[in-house]
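*Asks:* I would like to see how this sequence folds:
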Amino acid sequence: MQGFILKVRTSEKNMREYYRIAKALFYFAVLLPPTIISKRLKLPGYKFWPHLVHRSICDALNIKVTKFGEPLEGPPTLYVCNHVSWIDIIVLGHVIKGCFIAKKDMIDWPVLGYLSSLQRTIFIDREKRSDVVAQRQEMQDRIHGGDNLILFPEGTTSDGGSVLPFKSSLFGVTEKAMHLEQDAQGRTPELMVQPVTLVYKKINNMPTLRSTRPSVAWYADIEMGPHLKGVLNLLKVDVEVHFHEPVSRNIFKTRKELSAYCHRTIENGLLESLRGKRD
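*Replies:* Numbers count the residues shown, from 1 in each chain. Take a look at the predicted model:
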């Protein structure tokens, strides 16, 4: 009898996995062509299509995203987020219209690397100092062009139960942005910074525990393939995205001050959510 039950459960998992893959492929078939074409031709609304793709993937994987607060709209914004998993990419891509700042090896990630490139991700190589100037210039150009940027300053992923120390050097783009040149209308864009807290609140309709975090958190030496397969087999994932009060970069004297402020704000948001409190 136990063997029969095990076979039934295995069959259910396989069916769930195949269904979600089929659903994701359907979304890709429908949405990728207009996304690619609009990006290459820079058609009106071309920045919206990647946002729609990520929202559709969340639907295919049954990832429910709940927002607290709203992303700032208007001036160029640097969204600063804690980093838990590859799932962060599709969750944030779902709720934020912006370009990711990511390490260069992300471009080789299956599927996500390609999706990130569609969202005009800025891939940085932290090992090659010779590229730093060019990379910062690209970030400045994006900000000057009105793009929003999304940064994971931990530089790696955690288990989602805490926020790792931030690498203040990754905030170097904000120092460059303080000296933006005026545009054709004589306006100098002001860079705003908005801390964002990601919380993986529930897995399979149950509160996330330390023992279940590896089901969604992709950290340490966990391999991508098995982790993706595990996510495909989950019944549901509930993620909270807390948008904290945006601040002007100009009120901080150094990038270390800005880094410390963002870390404190994001960490407090995580702890409050895990304790059952909300912004």
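
*Asks:* which of the residues in stretch 109-123 are buried?
*Replies:* By neighbour count on 16 or more other Cβ atoms under 10 Å, the buried set for stretch 109-123 is Leu112, Gly113, Leu115, Ser116, Ser117, Leu118, Gln119, Thr121, Ile122, Phe123. Every residue, glycine included, has its C-beta placed from N, CA and C.

*Asks:* Show the residue spans covered by the strands in the stretch 151-279 of the chain.
*Replies:* 192-203, 206-207, 237-243, 247-248 (DSSP state E, counting those that start in this stretch).

*Asks:* Pull the longest one out as CSV, backbone CA atoms only.
*Replies:* What follows is strand 192-203 as a C-alpha-only set of coordinates in CSV (Å, rounded to 0.1, in the frame of the first residue of the first chain):
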residue,chain,number,x,y,z
MET,A,192,16.6,58.3,-5.9
VAL,A,193,17.3,55.1,-3.9
GLN,A,194,14.5,52.8,-2.8
PRO,A,195,15.3,49.9,-0.4
VAL,A,196,13.3,46.7,-1.1
THR,A,197,12.9,43.7,1.1
LEU,A,198,12.1,40.3,-0.4
VAL,A,199,10.5,37.7,2.0
TYR,A,200,9.7,34.2,1.0
LYS,A,201,6.8,33.9,3.4
LYS,A,202,5.1,30.6,2.6
ILE,A,203,6.0,27.4,0.8
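
*Asks:* relative to strand 237-243, how tilted is that strand?
*Replies:* Put simply, strand 192-203 runs at 160 degrees to strand 237-243, going by axes from the mean of the first three to the mean of the last three Cα atoms, to 10 degrees.

*Asks:* And strand 192-203, what does it pack against?
*Replies:* If contacts are counted by 3 or more Cβ pairs under 8 Å, 6 or more residues apart in numbering; DSSP states H and E, strand 192-203 sits against strand 77-81, helix 87-95, strand 237-243, strand 247-248, helix 255-274.

*Asks:* For Leu32, find the nearest of these.
*Replies:* Closest approach to Leu32 among these (Cβ to Cβ): helix 87-95, 14.0 Å.

*Asks:* The closest one - contacts with which helices or strands?
*Replies:* Against helix 87-95 (3+ Cβ pairs under 8 Å, 6+ apart) you get helix 48-60, strand 63-68, strand 77-81, helix 112-118, strand 192-203, strand 237-243.

*Asks:* what sits up against the helix or strand following the fourth one?
*Replies:* Pointing back at helix 112-118 there. Going down the chain from helix 112-118, the next helix or strand is strand 122-124, by DSSP states H and E. The contact list for strand 122-124 (Cβ atoms under 8 Å, 6 or more residues apart in numbering) reads 99-104, 106-107, 131, 135, 138-139, 142, 149.

*Asks:* Pairing partners for strand 122-124, with directions?
*Replies:* When pairs are called by DSSP bridges, strand 122-124 turns out to pair with strand 99-103 (parallel).

*Asks:* among the helices and strands packed on strand 192-203, which is nearest His54?
*Replies:* helix 87-95 (3.2 Å).

*Asks:* so how far is that closest one off the chain centroid?
*Replies:* Centre-to-centre, helix 87-95 and its host chain are 5 Å apart (Cα atoms, centre = their mean, to the nearest Å).

*Asks:* circling back to that earlier point, which one of the helices and strands packed on strand 192-203 lies closest to Arg55?
*Replies:* Of all the helices and strands packed on strand 192-203, helix 87-95 sits nearest to Arg55, with 4.5 Å by Cβ to Cβ.

*Asks:* May I ask which helix or strand of the protein has the lowest mean pLDDT?
*Replies:* Across the helices and strands of the chain, mean pLDDT, DSSP states H and E gives its lowest value to helix 172-177, namely a mean of 69.

*Asks:* re the thing from before, and the helices and strands packed on strand 192-203: which comes nearest Ser215?
*Replies:* The nearest among the helices and strands packed on strand 192-203, by Cβ to Cβ, is strand 237-243 at 8.3 Å.

*Asks:* Trp109 contacts Met224, doesn't it?
*Replies:* Yes - with contact defined as Cβ atoms under 8 Å, Trp109 counts as touching Met224 (6.8 Å).

*Asks:* How much space separates Val53 from Ser158?
*Replies:* Distance from Val53 to Ser158, counting by Cβ to Cβ, to the nearest Å: 26 Å.

*Asks:* Settle it for me: which of these two has more neighbours?
*Replies:* Counted by other Cβ atoms under 10 Å, Val53 and Ser158 do not tie: Val53 has more neighbours, with 23 against 19.
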